[in-house]
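In: Got a sequence here, can you build the structure:
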Amino acid sequence: MRFITRILIFLLLPAFALAADGVSWEDLSPEQKKGLGGMRQNWNQIPPERQEQLATGSARWAEMSPEERAETRGRMRQWQNLSPEERDELSQGFQRYRNLDPGQQDKVRQNYQRFRDMPPERQEQARERWQNMSPDERKAMRQQMKNMTPEEREAQRGKQRPSGN
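Out: Presented below is the predicted three-dimensional model:
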């Protein structure tokens, strides 16, 4: 058992060292270096955790199709066009999502997908209905939906749909 523990420690130490020291510029792939080229001069001044994030993101970028890259560029433009307050609000929402347990995150993703699958006019109606609610009404609706069974929630959604859809 001690032997296995020593081997595991030996194998994992480089990974811990890398996480503590960040990512060296030389360890990046040519594709990553190309994507992060503007950061080369200051790479060693970037905090190690941020280096890890940038390396991971650039690796993901290198694997994207041209269509995925175009979509991502569009999202980056949208982000840049947001006010600092809007960015902060979205960042806080994302952090709340990351703090959820995996089951709750799955429910959020399912609800988001359900919303995306709605026709555009239904999406707009749902947005308007939500935006017109007071914070107390929103809280009450969340609590009501939380206390329902999946079948009851689906029936409630059906009642909220305008006839003809």
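In: and the residue nearest to the spatial centre of the chain, helix, strand or coil?
Out: In the chain, the centroid-proximal residue (CA atoms, centre = their mean) is residue 94; its distance is 6.3 Å. On the three-state scheme (DSSP: H, G, I helix; E, B strand; the rest coil), residue 94 is labelled helix.
In: now residue 59
Out: Relying on three-state DSSP, one would call residue 59 helix.
In: Apart from its chain neighbours, what residue comes closest to it?
Out: residue 32 (5.9 Å; CB to CB, 6 or more residues apart in numbering). Every C-beta, even on glycine, is put in place using the N, C-alpha and C of the backbone.
In: That neighbour: neighbour count?
Out: Counted with other CB atoms under 10 Å, the neighbours of residue 32 add up to 21.
In: can you check residue 118 too?
Out: Applying other CB under 10 Å, I find that residue 118 has 15 neighbouring residues.
In: Backbone dihedrals for it, both of them.
Out: Reported as degrees, to the nearest 10, the phi and psi values for residue 118 are phi -70, psi 150.
In: Break this structure down into its structural domains.
Out: If you go by automatic domain parsing, the domain ranges for the chain are 1-36+48-54, 104-160.
In: What are the contacting residues of the helix or strand harbouring residue 77?
Out: Here residue 77 sits within helix 66-81, counting by DSSP states H and E. Helix 66-81 has contacts (CB atoms under 8 Å, 6 or more residues apart in numbering) with 61, 64, 87.
In: go on, stretch 35-49?
Out: With CB under 8 Å, 6+ apart as the test, stretch 35-49 has contacts from 19-23, 25, 28, 33, 51, 54-55, 58, 61-62.
In: got the CA coordinates for whichever strand or helix holds residue 91 in PDB?
Out: Per DSSP H and E, residue 91 falls inside helix 84-98. Once non-C-alpha atoms are left out, helix 84-98 reads as follows in PDB (Å, rounded to 0.1, in the frame of the first residue of the first chain):
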ATOM      1  CA  PRO A  84     -19.900  47.000 -16.500                       C
ATOM      2  CA  GLU A  85     -23.000  46.500 -14.400                       C
ATOM      3  CA  GLU A  86     -24.500  44.000 -16.900                       C
ATOM      4  CA  ARG A  87     -21.200  42.100 -17.000                       C
ATOM      5  CA  ASP A  88     -21.100  42.000 -13.200                       C
ATOM      6  CA  GLU A  89     -24.700  40.800 -13.000                       C
ATOM      7  CA  LEU A  90     -24.000  38.000 -15.500                       C
ATOM      8  CA  SER A  91     -20.700  37.000 -13.700                       C
ATOM      9  CA  GLN A  92     -22.600  36.800 -10.400                       C
ATOM     10  CA  GLY A  93     -25.300  34.600 -12.000                       C
ATOM     11  CA  PHE A  94     -22.600  32.300 -13.500                       C
ATOM     12  CA  GLN A  95     -20.900  32.100 -10.100                       C
ATOM     13  CA  ARG A  96     -24.200  31.100  -8.500                       C
ATOM     14  CA  TYR A  97     -24.700  28.500 -11.200                       C
ATOM     15  CA  ARG A  98     -21.200  27.100 -10.500                       C
END
